[in-house]
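Engineer: Give the three-dimensional model of this entry:
(2 chains)
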There are 2 protein chains.
Amino acid sequence: MERHEIAIIGTGPAGLEAAITAKVRNKSVLLLGGKNLSTKIEKAHMIKNYLGLPEISGETMQNSFRTHLEKMEIEITEDRVNTVYAMGDYFAIQGHSGMYEASAVILACGMSAARHFPGELENLGRGVSYCATCDASLYKGKSAVVIGYSKKEEAEAEFLTEIADKVYYLPMYQEEAAVNDKIEVRAGEKPLAIEKKDQKVQLITESGFMEADGIFILRDNVAPSQLVPGLTIAQNQVTVDRGMKTNIPGLFACGDITGAPYQYIKAAGEGNVAALSAVKYLADIK
Amino acid sequence: MERHEIAIIGTGPAGLEAAITAKVRNKSVLLLGGKNLSTKIEKAHMIKNYLGLPEISGETMQNSFRTHLEKMEIEITEDRVNTVYAMGDYFAIQGHSGMYEASAVILACGMSAARHFPGELENLGRGVSYCATCDASLYKGKSAVVIGYSKKEEAEAEFLTEIADKVYYLPMYQEEAAVNDKIEVRAGEKPLAIEKKDQKVQLITESGFMEADGIFILRDNVAPSQLVPGLTIAQNQVTVDRGMKTNIPGLFACGDITGAPYQYIKAAGEGNVAALSAVKYLADIK
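Structural biologist: Here you go, the predicted model:
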């Protein structure tokens, strides 16, 4: 497997700035995220305090960022990362679409606003999963509940129907779910908690409960505590020093994932620092 | 005297971003610095990694920053700051052209590359001064040596001739000094050390020594250790936490003055954080 020098997870301002700075320093960069860059920026009406881009709409800002990537010939590998494993002298990155390797990793995947359901973390790997692509094979002939936090999770639910016998889908967004007829959509159902019951898991909802062999919780962001085993977290934020170093050597974090203020230029500034710290780390381990 | 909510010292990316963010948060801002913004940026040939402004020349970047200030109706008060005094619930700021007051202060005045001369700090206030405007009156009928690190210091030397009897001027830059004929220019003279001798001070140079009642050392940046009495410094950098707080309540620092990497977007990101920390500080002391 190709081992990249620096893998960057996230395509908001922190990840993009980290990517262009790493590229300027001639590192091989794997930039993992969405081609639409940042949903948060895309929806921003007007940004007033990104120095050098006065009174800019989110859309125009996205275009400036995209132009910058193009000029630097940086490509986005469209994938979502489920888990990053620190292997000692490299990192193994498990994405929904594949595995990747890198000598250093920069986490720039934004803030996870989601709270966990009671019982969720306790049953992770014991009926609760964050990745249909990764774990679908465990549900051959079985039943699964999929909680999708954005429309793109519908494809994951549909993929599950190829293996599982029965798939329930709970859309956690406004738009109507458009899925194939193998899926039973339960719009309006509000999940409250997860309980293990014999070999099954139960999703407690406002209107009662649903029982299945597995529950897939598909959020936009994986909570940092789940993303990297062993990562030091405080109040759901990755703990970093002024060089954006985490407690794991070779692993850096920047942007909203490191905490407030949740501001674009702060995120970009941190991305720059994280990239240069990663460059220094690569030189040091050589 | 008008008391500003936030005084920002420095007009590089850190200071400018701090100013626009403070303005967005409706604070009264005093922005102290040069109307030419940043000499360092002005001279930059090409900047590749300021996200959103791809492959930009220093001059174009300056223009983007200037446009941003104009759109936000932020004015620069052209002055250089000599000392910031923490007075308890406010700060007194001594500039070359006047005194200012603010409830919170953000230091964004860049890195001081200059090393002190042996004997310089020991004799500060005892014959050594950093500000002709501030201390000229002490030299009525006396003699002074002025060491100027940039062409704009020539005006300070000329001002001294209105009061002192004899002024020597040592230009520390390439261009020829153009000063009035009351000033004795000693181009090429290289200062090495300062010594106190009876009531006089001696400037030891490579070619011998010069004796005078006072020595004015006019650098572009005052060393942070001299700028704010009581400020915690390590390796000539202001010590800050992730919120850009210094050891003095109400005093924040951002940009090159807080240390490497010396990068524009890092400086801007820190300016944003410093401004928001200052806004929070103002709310807390109310």
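
Engineer: rest of the way, CA atoms for contacts and neighbours
Structural biologist: Fine.

Engineer: any residue of stretch A:218-233 up close to chain B?
Structural biologist: No: figure legend: stretch A:218-233 not in contact with chain B (Cα under 8 Å from any Cα of the partner chain); closest approach 15.4 Å.

Engineer: For that stretch, buried residues please.
Structural biologist: Neighbour-count burial for stretch A:218-233, counted by 16 or more other Cα atoms under 10 Å in any protein chain shown, picks out A:218-225, A:227-228, A:231-233.

Engineer: what's the answer for stretch A:201-218, then?
Structural biologist: Buried residues in stretch A:201-218 (16+ other Cα under 10 Å): A:201-204, A:210-218.

Engineer: Can I get those residues in a markdown table including pLDDT and secondary structure?
Structural biologist: Below are these laid out as a markdown table (pLDDT from 0 to 100; DSSP: H, G, I helix; E, B strand; the rest coil):
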| residue | pLDDT | secondary structure |
| --- | --- | --- |
| A:201 | 96 | strand |
| A:202 | 96 | strand |
| A:203 | 96 | strand |
| A:204 | 96 | strand |
| A:210 | 95 | strand |
| A:211 | 95 | strand |
| A:212 | 96 | strand |
| A:213 | 96 | coil |
| A:214 | 95 | strand |
| A:215 | 96 | strand |
| A:216 | 94 | strand |
| A:217 | 93 | strand |
| A:218 | 90 | strand |
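
Engineer: coming back round to it: and which of the buried residues of stretch A:218-233 is nearest residue A:42?
Structural biologist: Set against residue A:42, the nearest of the buried residues of stretch A:218-233 by Cα to Cα is residue A:220 (15.1 Å).

Engineer: how is chain A carved up into domains?
Structural biologist: If you go by automatic domain parsing, the domain ranges for chain A are A:3-113+A:221-285, A:121-218.

Engineer: Compare these and report which one is nearest to residue B:284.
Structural biologist: domain A:3-113+A:221-285 (16.8 Å).

Engineer: So which bits of the stretch 151-286 of chain A are right by chain B?
Structural biologist: Near chain B, when you scan the stretch 151-286 of chain A using Cα under 8 Å from any Cα, you find A:241-242, A:261, A:263, A:265-270, A:272-273, A:276.

Engineer: now, which of those residues lie within strands?
Structural biologist: Applying DSSP state E to these, no entry is found in strands.

Engineer: List only buried entries from those residues.
Structural biologist: Buried, going by 16+ other Cα under 10 Å: A:261, A:263, A:265-270, A:272-273, A:276, out of these.

Engineer: how about JSON lines for these, with pLDDT added?
Structural biologist: Listed next are those as JSON lines, based on pLDDT from 0 to 100:
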{"residue": "A:261", "pLDDT": "94"}
{"residue": "A:263", "pLDDT": "95"}
{"residue": "A:265", "pLDDT": "98"}
{"residue": "A:266", "pLDDT": "98"}
{"residue": "A:267", "pLDDT": "98"}
{"residue": "A:268", "pLDDT": "98"}
{"residue": "A:269", "pLDDT": "98"}
{"residue": "A:270", "pLDDT": "98"}
{"residue": "A:272", "pLDDT": "98"}
{"residue": "A:273", "pLDDT": "98"}
{"residue": "A:276", "pLDDT": "97"}
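
Engineer: residues near the residue lying closest to residue A:41 once chain neighbours are set aside, how many?
Structural biologist: Excluding its sequence neighbours, the residue lying closest to residue A:41 (Cα to Cα, 6 or more residues apart in numbering or on different chains) is residue A:58, at 4.9 Å. Other residues lying near residue A:58 total 19 when counted by other Cα atoms under 10 Å in any protein chain shown.

Engineer: Tell me how far residue A:58 lies from chain B.
Structural biologist: To chain B, residue A:58 is 12 Å away according to Cα to the nearest Cα, to the nearest Å.

Engineer: Give me the pLDDT value at that residue.
Structural biologist: According to the prediction, residue A:58 has pLDDT 93.

Engineer: swap in residue A:114?
Structural biologist: For residue A:114, the model assigns a pLDDT of 64.

Engineer: Repeat that for residue A:239.
Structural biologist: Looking at residue A:239, its pLDDT is 97.
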